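Enquirer: everything below, folded, please.
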Amino acid sequence: MIVADILKNKGSSVTMVRPDETALDLSERLRAERIGAAIVSADGHAVDGIISERDLAYGLAAHASRLPTVPVASLMTKVVVFCSPDDPINDVMGVMTQKRIRHLPVKDGDDLVGLISIGDVLKLRLSEMKLEADVLLDYVRVQR
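Expert: Numbers count the residues shown, from 1 in each chain. You can find the predicted model right below:
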């Protein structure tokens, strides 16, 4: 299984926010779209950073009551880790675990083609494990 298998089901929609949007604006978008992260881009194409629920939580500790007015650029993760559609799921799981990140933008060359979460990865992996278990059960039944 590869990242492209996740994107087939999930699609390639990526929520983007501008660096000058406020933390409150971002929070409202995340809630409305029921997502946990967004790509930060000044021009709508280039990835300037990524911002997640975790960044907002850390921002609350750093900015307290001013957080709603703090610009996303002050809270975002600037060094973005990417994956590609051809990356094996097990490799992606390793990167997410090792770097302690829950969202990975997907790039195909220079093009941003999706954003996957640890939940997406686990969902695919669980369906893969269920299929393996079903195949093994069928094999055992035939052997009887």
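Enquirer: contacts and neighbour counts: CA atoms only from here.
Expert: Will do.
Enquirer: contacting residues around V3?
Expert: If you count contacts by CA atoms under 8 Å, 6 or more residues apart in numbering, V3 has them with S84, P85, D86, D87, P88, I89.
Enquirer: scratch that, R18 is what I was asking about
Expert: R18 neighbours (CA under 8 Å, 6+ apart): V40, S41, A42, D43, G44, V72.
Enquirer: same question, V106
Expert: F82, C83, S84, P85, L112, V113, G114, L115, I116.
Enquirer: by neighbour count, which of those residues wins?
Expert: L115 (25 neighbours; other CA atoms under 10 Å).
Enquirer: so V47, which of the three states?
Expert: Here V47 is recorded as coil under DSSP: H, G, I helix; E, B strand; the rest coil.
Enquirer: phi and psi next, for the residue nearest to it when sequence neighbours are not counted.
Expert: Closest residue in space to V47, ignoring its immediate chain neighbours: S41 at 5.2 Å, by CA to CA, 6 or more residues apart in numbering. S41 adopts backbone torsions of phi -150, psi 130, taken as degrees, to the nearest 10.
Enquirer: understood, closing this out.
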